[in-house]
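Visitor: show me how the following folds:
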Amino acid sequence: MGRLEGKVALISGTGGGQGRAAALRFAREGAKVFGCDLNAAAQQETIALLRDEGLDMAGAGSVDLGDPQGAQAWIEDALATYGRIDILYNNASAARFGPIGEMSVDDWRYTLRNELDIVFYPTRFAWHHLAVQGGVIVNISSVAAWGASAATGIGAHSAAKAGVIALTRQLAVEGVKHRIRAVSISPGVVVTPGTKPFLDNPATRSMLLAGIPMERAGEAEEIVATALFVASDEASYITGTDIVVDGGMLAL
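Guide: Take a look at the predicted model:
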C-alpha cells in the first residue's frame, strides 16, 4: 500500500518540472491526482504518462491560478471529479527579476500575483473542503525567502516567497481546529526546465554551484520526496514550519 493510498491530491503546475515529478510520485504512492497548468498540452502529457502506468490522474485544461475565478473553478472541477480534497500542493509559480530601482510596477505585480496570490487563491477555495476530513497544504517557497542577493535582482521573488512562508504559518495556526496541517518547502537551486539554461551555461553554472556545499543542483524528485513525507501521515506532528532543501546553501 502506498503512503497516500485513498487520498486526493491537488497539485498545481503539473505540466513539467517539479509539478510533473510530484504528480508521478504522488500517484505512484496511491493518491488520485488532480493537476493543472497554464500549458494545457504539457498537462495532458503528464496525464498520459500516468495513465500509461495504470495510475489515476485527471486535470483541468489551461488554468490561471493567479486569477481567483480560475482558482475557484480548479477546486470545483477537482471536487466534481473526485469528491474530496486531502492534499493541496501549491507548486506553480512564475517570477520576473531585476534590481528594485529598475523593476517596473508591472513586473513587481506580476511576481506577487504568480508567486503569492497563486498560493492564496487555491487555498482559500479549498479550505472548507480540506476541513471536512482534515488535510495537508504543501506550499513551495524558496531559499530566496531567507536572504538577499546584490547580484541577481531577486527582490520581488524574495518578497513573494517570504510571504508564502508567513502565510503558511498563519494557515497552520488557523488550521489546527480543522485538522489541517500547513508546511512550506524552500528549495535551493533545482534542475528544472526554467533553470536548465543557466545550469547548461558554464559561467552561470559555476556561479550558482559556488554557494552550494554539496556542489550540485538538486533534482526535482528530491524536493518531491520531501513534499511526499510532509503530505503523508508520517508527518502528522509537523505544521507551521518551513523545510529547507538546498544542499547546504543556507549553512554558509
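Visitor: so what's the closest residue to Asp117 other than its chain neighbours up against?
Guide: Using CB to CB, 6 or more residues apart in numbering and skipping the chain neighbours, the partner closest in space to Asp117 is Gly66 (5.1 Å). For every residue, glycine as well, the C-beta is placed using N, CA and C. Contacts for Gly66 (CB atoms under 8 Å, 6 or more residues apart in numbering) come out as Arg113, Asn114, Asp117, Ile118, Tyr121.
Visitor: check Gly6 too.
Guide: Gly6 neighbours (CB under 8 Å, 6+ apart): Gly30.
Visitor: just the pLDDT for it.
Guide: At Gly6, the model reports a pLDDT of 95.
Visitor: which element is Arg205 on?
Guide: Element membership for Arg205 (DSSP states H and E) is helix 202-210.
Visitor: output that helix as PDB, restricted to C-alpha atoms.
Guide: Output of helix 202-210 as PDB, limited to C-alpha atoms (Å, rounded to 0.1, in the frame of the first residue of the first chain):
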ATOM      1  CA  PRO A 202      29.400  27.100 -17.700                       C
ATOM      2  CA  ALA A 203      29.700  30.700 -16.300                       C
ATOM      3  CA  THR A 204      26.300  30.800 -14.700                       C
ATOM      4  CA  ARG A 205      26.500  27.200 -13.500                       C
ATOM      5  CA  SER A 206      29.800  27.900 -11.800                       C
ATOM      6  CA  MET A 207      28.200  31.000 -10.000                       C
ATOM      7  CA  LEU A 208      25.100  29.000  -8.900                       C
ATOM      8  CA  LEU A 209      27.000  26.000  -7.600                       C
ATOM      9  CA  ALA A 210      29.700  28.000  -5.800                       C
END
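Visitor: show me what that helix is packed up against.
Guide: Identification of packing neighbours for helix 202-210 by 3 or more CB pairs under 8 Å, 6 or more residues apart in numbering; DSSP states H and E yields helix 196-200.
Visitor: what is the mean pLDDT for the helix it packs on?
Guide: So the average pLDDT for helix 196-200 ends up being 87.
Visitor: got the buried residues for that helix?
Guide: Buried residues in helix 196-200, counted by 16 or more other CB atoms under 10 Å: Leu199.
Visitor: with stretch 162-176 instead?
Guide: Ala162, Gly163, Val164, Ile165, Leu167, Thr168, Arg169, Leu171, Ala172, Gly175.
Visitor: same question for stretch 200-215.
Guide: Leu208, Gly211, Ile212.
Visitor: please apply the same query to stretch 101-110.
Guide: Met103, Asp107, Trp108, Tyr110.
Visitor: closest to Tyr89 among those?
Guide: Tyr110 (22.6 Å; CB to CB).
Visitor: quick check: which element contains the closest one?
Guide: Using DSSP H and E, Tyr110 falls within helix 105-112.
Visitor: tell me how far that helix lies from the chain's centre.
Guide: With CA atoms, centre = their mean, to the nearest Å as the basis, helix 105-112 stands 19 Å off its chain's centre.
Visitor: top of the contacts of Gly66 by neighbour count?
Guide: Ile118 (26 neighbours; other CB atoms under 10 Å).
Visitor: now do the helix or strand hosting that residue: which elements does it pack against?
Guide: Here Ile118 sits within helix 118-133, counting by DSSP H and E. On a contact count with 3+ CB pairs under 8 Å, 6+ apart, helix 118-133 meets strand 8-12, helix 68-82, strand 87-90, strand 135-140, helix 155-175, strand 180-187.
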